[in-house]
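Enquirer: Attaching a predicted model along with its sequence, questions to come.
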Amino acid sequence: MEKILEVKNLHVTFKTYGGTVKAVRGVNFHLNKGETLAIVGESGCGKSVTSNAIMRLIPNPPGKISNGTILFKNQDLTTLSEKKMRAIRGVDISMIFQDPMTALNPTLTIGTQLIEGLKQHRKIDASEARKRALEMLNLVGIPNPVERMKQYPHQFSGGMRQRIVIAMALICEPELLIADEPTTALDVTIQAQILELFEKIQEATGVSIVLITHDLGVVAKIADRIAVMYAGKIIEIGTKREIFYDPQHPYTKGLLNSVPRLDVKGKLKPIDGTPPDLFSPPQGCPFTPRCPFAMEVCNKVYPDSSKISDSHTVNCWLKDERAKQLLATTVTK
Ligand code: SF4
Ligand code: MG
């Protein structure tokens, strides 16, 4: 499979009065062409920082990509000039945020915004641009697009506004779409419709999607693969099936236990404790204080990535051969 995106050893830091926050600490993952990778985790785990880093939207200062490479179609985005990056944003890579209002200009009609977005990046005449804008509104399911083009953002419901934002993000036919909590601000029924829309769009355009979410329900619906982040690291990554039916990391298991499921009766079990302070993250496994299986080694050394299958890896000492050896030597002595 062709890789469209490959993130290697990504580190992002933020300087604050209180010290340096290590928000992303050595993240590795790739995205195949045409697939949806979901990055999940609690708030503050570094998932949005990771997606902003791909778009080079980390404000510097105080933020900084302090290490790593972000290969998009084999070019390293971390080394591009701001000018080159501007040419990529919105054209090759588009981003959708949680609140559709931040992406829309309240003083311009929807039609003007769609057409301007396109004309900025493409040499295209007015009637072509208008035709394309109408096509996009049709694709995202806005009824009466000819009339709706003349209206302003406040004349649309929240769900409709998010559809318009999606149309704007896709109008230049990007190859990669990054969606950061795209349904969080919406009602549950509208959420489901927007998720269906993502699937439809992917089928129609072949766009590759990185979906950032804290909501495993969203992931269950549209992800092909899932990366679980904790304290600035990806601690497990696998296909949707592997993560849902064969989770390996105690944190992933905890996350799954804390989601309501139709097939399991009983109470939700939230994970006790809080994630570590990222001013001075622990050397070892950051989940140690919350983990019911923590061993001595966990606190001291960060576990390597262990391979469960060709598509599934986990960073946990429970799955690390070296831990078994360590335990075996203690037993025989
Ligand atoms: Fe728990 Fe240790 Fe695995 Fe971390 S490495 S999740 S503390 S068993
Ligand atoms: Mg899909």
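Expert: Ah, there it is. Ligands and ions are numbered 1, 2, ... in the order given.

Enquirer: Where do the helices of the stretch 1-150 of the chain begin and end?
Expert: For the stretch 1-150 of the chain, applying DSSP state H, counting those that start in this stretch gives helices covering 47-54, 82-88, 100-103, 110-121, 126-139, 145-148.

Enquirer: Buried residues, the longest one. List them.
Expert: The reference is to helix 126-139. Residues of helix 126-139 classed as buried: 129-130, 132-134, 136-137, 139 (neighbour count, 16 or more other Cβ atoms under 10 Å). C-betas here are computed from N, CA, C, even on glycine.

Enquirer: Leaving out the residues flanking it, which one is nearest to residue 52?
Expert: residue 58 (5.5 Å; Cβ to Cβ, 6 or more residues apart in numbering).

Enquirer: my guess is that neighbour contacts residue 65, does it?
Expert: Yes - counting by Cβ atoms under 8 Å, residue 58 does reach residue 65; the two are 6.2 Å apart.

Enquirer: For these two, list the residues in contact with both.
Expert: Residues touching both residue 58 and residue 65 (Cβ atoms under 8 Å, 6 or more residues apart in numbering): residue 12.

Enquirer: for the protein, which helix is longest?
Expert: helix 188-205 (DSSP state H).

Enquirer: Now that helix: buried residues?
Expert: By 16+ other Cβ under 10 Å, the buried positions in helix 188-205 come out as 190-191, 194-195, 197-198, 201-202.

Enquirer: got the contact list for residue 40?
Expert: 47, 213-216, 219, 226-229, 255.

Enquirer: And for residue 130?
Expert: 111, 115, 149.

Enquirer: What is the burial count for whichever residue of the stretch 101-250 of the chain sits closest to ligand 1?
Expert: At 4.5 Å from ligand 1, residue 250 is the closest residue in the stretch 101-250 of the chain, using Cβ to the nearest ligand atom. Residue 250: 21 surrounding residues under other Cβ atoms under 10 Å.

Enquirer: coming back round to it: what would the buried residues of helix 188-205 look like in CSV with pLDDT?
Expert: Below are these laid out as CSV (pLDDT from 0 to 100):
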residue, pLDDT
190, 89
191, 89
194, 91
195, 91
197, 93
198, 94
201, 93
202, 95
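
Enquirer: Show me which pair in those is furthest apart.
Expert: Greatest spacing in these, by Cβ to Cβ: 190 and 202 (19.0 Å).

Enquirer: could I get the helices of the stretch 1-150 of the chain as a markdown table with mean pLDDT and distance to ligand 1?
Expert: Output for the helices of the stretch 1-150 of the chain, formatted as a markdown table (pLDDT from 0 to 100; distance: least, Cβ to the nearest ligand atom, whole Å):
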| stretch | mean pLDDT | distance to ligand 1 |
| --- | --- | --- |
| helix 47-54 | 96 | 19 |
| helix 82-88 | 94 | 37 |
| helix 100-103 | 80 | 36 |
| helix 110-121 | 92 | 44 |
| helix 126-139 | 94 | 43 |
| helix 145-148 | 97 | 50 |
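
Enquirer: of all those, which gets the most neighbours per residue?
Expert: Neighbour counts (mean count of other Cβ atoms under 10 Å) averaged over each of the helices of the stretch 1-150 of the chain peak at helix 47-54, with a mean of 24.

Enquirer: first to last residue in stretch 163-183, what's the distance?
Expert: One end of stretch 163-183 to the other measures 11 Å (Cα to Cα, to the nearest Å).

Enquirer: on that earlier part again, correct me, but the residue of the stretch 101-250 of the chain closest to ligand 1 touches residue 292?
Expert: Yes - using Cβ under 8 Å, residue 250 is in contact with residue 292, at 6.7 Å.

Enquirer: Any stretches of this structure with poor pLDDT?
Expert: Residue ranges of the chain with pLDDT under 70: 260-268, 326-333.

Enquirer: So which residues of it form strands?
Expert: Taking DSSP state E, the strands of the chain run over residues 3-16, 19-32, 36-40, 63-72, 75-76, 93-96, 176-180, 208-213, 225-230, 233-239, 306-309, 312-314.

Enquirer: closest one to residue 163 among those strands?
Expert: Distances from residue 163 to each of these were compared by Cβ to Cβ, and the smallest falls on strand 93-96, at 10.7 Å.
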